[in-house]
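1. Okay, sequence plus prediction incoming.
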Amino acid sequence: MDRPVVAVVLAGGVGSRLYPASRGDRPKQFLSPDGGASLLARTVERASFADGTLVVTRPEFAAAAREHAPGAEVLVEPAGRDTGPALVYATHVARERFDDPAVLALPSDHHVAGAFEPTARRGLRLAADTGALVTFGVEPTRPETGYGYVEPGAARGAGFDVAAFHEKPDAETAATYVEAGHLWNAGIFAWTPAAFLAAARDSPLAPLVDALDAPDPDAESGFAAVDPASVDHAVLERAADVAVVPVDFAWDDLGTWDAIERIEDAGFGGEVLTLDAADNVVAAPDRHVSLVGVSNLVVAAFDDRVLVVPKAEAGRVREVVDHLRDEDRY
């Protein structure tokens, strides 16, 4: 592929479901579960084969993003509007900075182990050769209710046409998706700016595209003119030409506390004593935690905050954060 590759790393979220490790002033992308490099730094390093890297974040995180990704250009969103507007903005900038590039869009909070670059290049090549918007799909290892699914259609180059996107299912539906060969939607994408911005112009994000394409581009007014929307809902699920490339690497979305248990050597430190206790997730740096007669719990202690929740209910941590935000205590 002759086009330059631009990696766009999304780093504007907070990661509320990893509270209390993640807080309003300590978002998830700057955390290091195992004490090494931060999640953001690892993502940027994973995409180091790209010809340029844009880290997209909000104003209050810009300084920290520069510290964690010193080799990248930090692009500051005028306002937080979810991944759809962020990727329209970043793709527009990539088109202006580089000559006819292909864009690789990456969340900054994923665990990836294995041959990432070859898979990414296959998706980029498919996007460049066909003009398709490309998503990357992970073969499920369990009937997961916390992920969206991609239903593959006809074979197409290194991947498949997308027959349908499916929202996060209940447990019974998730089992049928796994049995049918559907893939987890990894939230990693590849496209050319021409293809993506054309699809975005035919979506609820059209006012932002128009504002950026104006003779005097105005990102601030463009962001103000659109509602928050994920790129999946706003663009990909509406687009006419979408493909999926299966990945050849181990992947997990470090979005909830139960995910930490699935990642070898991921912890956050701390000492744990267990008596007749099993299958618990403990994250308590510089603390000693004793568990007696309990199972399948998450126990997380950071700063002056302690969270205790059944692993099966780990997704409800966002409800705690909503309450704390209402009280201005997050």
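-> Yep, it's here. Keep in mind the model is a prediction, meaning the values are calculated, not measured. Numbering: from 1, shown residues only.
2. now for the chain, which residue lies nearest the mean position of the chain?
-> Ranked by distance to the mean C-alpha position of the chain (C-alpha atoms, centre = their mean), the top residue is Pro107 at 3.2 Å.
3. Help me confirm that that residue comes into contact with Phe189.
-> No - between Pro107 and Phe189 there is no contact under C-beta atoms under 8 Å: 9.8 Å. For the C-beta atoms, the positions are set from N, CA and C on the backbone; glycine is no exception.
4. What is the burial count for Val309?
-> The number of residues packed near Val309 is 19, by other C-beta atoms under 10 Å.
5. so what strands line up beside the helix or strand where it lies?
-> Using DSSP states H and E, Val309 sits within strand 305-310. Strand 305-310 sits in its sheet next to strand 297-302 (antiparallel), going by DSSP bridges.
6. Least confident secondary structure element in this protein?
-> The helix or strand of the chain with the lowest confidence, counting by mean pLDDT, DSSP states H and E, is helix 257-262 at a mean of 82.
7. That one packs against which elements?
-> Applying 3 or more C-beta pairs under 8 Å, 6 or more residues apart in numbering; DSSP states H and E, one finds that helix 257-262 makes contact with strand 249-253, strand 281-283, strand 297-302.
8. Tabulate these in JSON lines, adding columns for mean pLDDT and distance to Ser290.
-> Putting the helices and strands packed on helix 257-262 into JSON lines (pLDDT from 0 to 100; distance: least, C-beta to C-beta, whole Å) gives the following:
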{"stretch": "strand 249-253", "mean pLDDT": "93", "distance to Ser290": "28"}
{"stretch": "strand 281-283", "mean pLDDT": "91", "distance to Ser290": "10"}
{"stretch": "strand 297-302", "mean pLDDT": "94", "distance to Ser290": "10"}
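9. most tightly surrounded among those?
-> Among the helices and strands packed on helix 257-262, strand 281-283 has the highest mean neighbour count (mean count of other C-beta atoms under 10 Å), at a mean of 24.
10. strands paired with whichever helix or strand comes after that one, and their directions?
-> The C-terminal neighbour of strand 281-283 among helices and strands, as given by DSSP H and E, is strand 288-292. Paired neighbours of strand 288-292 in the sheet (DSSP bridges): strand 271-275 (parallel).
11. how about the strand holding Val309 as CSV, C-alpha atoms only?
-> In CSV, the C-alpha atoms belonging to strand 305-310 read as follows (Å, rounded to 0.1, in the frame of the first residue of the first chain):
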residue,chain,number,x,y,z
ARG,A,305,-12.6,5.4,47.8
VAL,A,306,-13.5,1.7,48.1
LEU,A,307,-15.7,-0.2,45.7
VAL,A,308,-17.2,-3.6,46.4
VAL,A,309,-19.4,-5.2,43.7
PRO,A,310,-20.2,-8.7,42.5
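12. quick one: average confidence on it?
-> Strand 305-310 comes out with an average pLDDT of 96.
13. any idea how far the helix or strand just after it is from the chain center?
-> Stepping forward along the backbone from strand 305-310, the first helix or strand reached (DSSP H and E) is helix 317-326. Centre-to-centre, helix 317-326 and its host chain are 21 Å apart (C-alpha atoms, centre = their mean, to the nearest Å).
14. Run through the neighbouring helices and strands of helix 317-326.
-> Using 3+ C-beta pairs under 8 Å, 6+ apart, the elements in contact with helix 317-326 are strand 305-310.
15. by how many degrees do the strand it packs on and helix 317-326 diverge?
-> 150 degrees (axes from the mean of the first three to the mean of the last three C-alpha atoms, to 10 degrees).
16. buried set for strand 305-310?
-> Residues of strand 305-310 classed as buried: 307, 309 (neighbour count, 16 or more other C-beta atoms under 10 Å).
17. In space, what's closest to Phe30 - neighbours in sequence excluded?
-> Closest residue in space to Phe30, ignoring its immediate chain neighbours: Ser38 at 5.1 Å, by C-beta to C-beta, 6 or more residues apart in numbering.
18. ditto for Ala171
-> Thr145 (5.7 Å).
19. Specify the local secondary structure of that neighbour.
-> Assigned with DSSP: H, G, I helix; E, B strand; the rest coil, Thr145 falls in the coil class.
20. State the pLDDT value of it.
-> Thr145 is given a pLDDT of 91.
21. how near is it to Ala102?
-> Applying C-beta to C-beta, to the nearest Å, the value for Thr145 to Ala102 is 33 Å.
22. Looking at the two, which has the bigger crowd around it?
-> Between Thr145 and Ala102, counted using other C-beta under 10 Å, Ala102 has the larger neighbour count: 28 against 14.
23. Confirm for me that the more buried one is in contact with Val6.
-> Yes - in this structure, Ala102 is within contact of Val6 by C-beta under 8 Å, at 7.3 Å.
24. What are the boundaries of the strands in the stretch 1-150 of the chain?
-> Shown for the stretch 1-150 of the chain, the strands assigned by DSSP state E, counting those that start in this stretch span residues 5-10, 52-57, 73-76, 102-107, 110-114, 133-138, 149-156.
25. quick revisit: what's the spacing between the residue nearest to the centre of the chain and Val272?
-> For Pro107, the distance to Val272 - C-beta to C-beta - is 29 Å.
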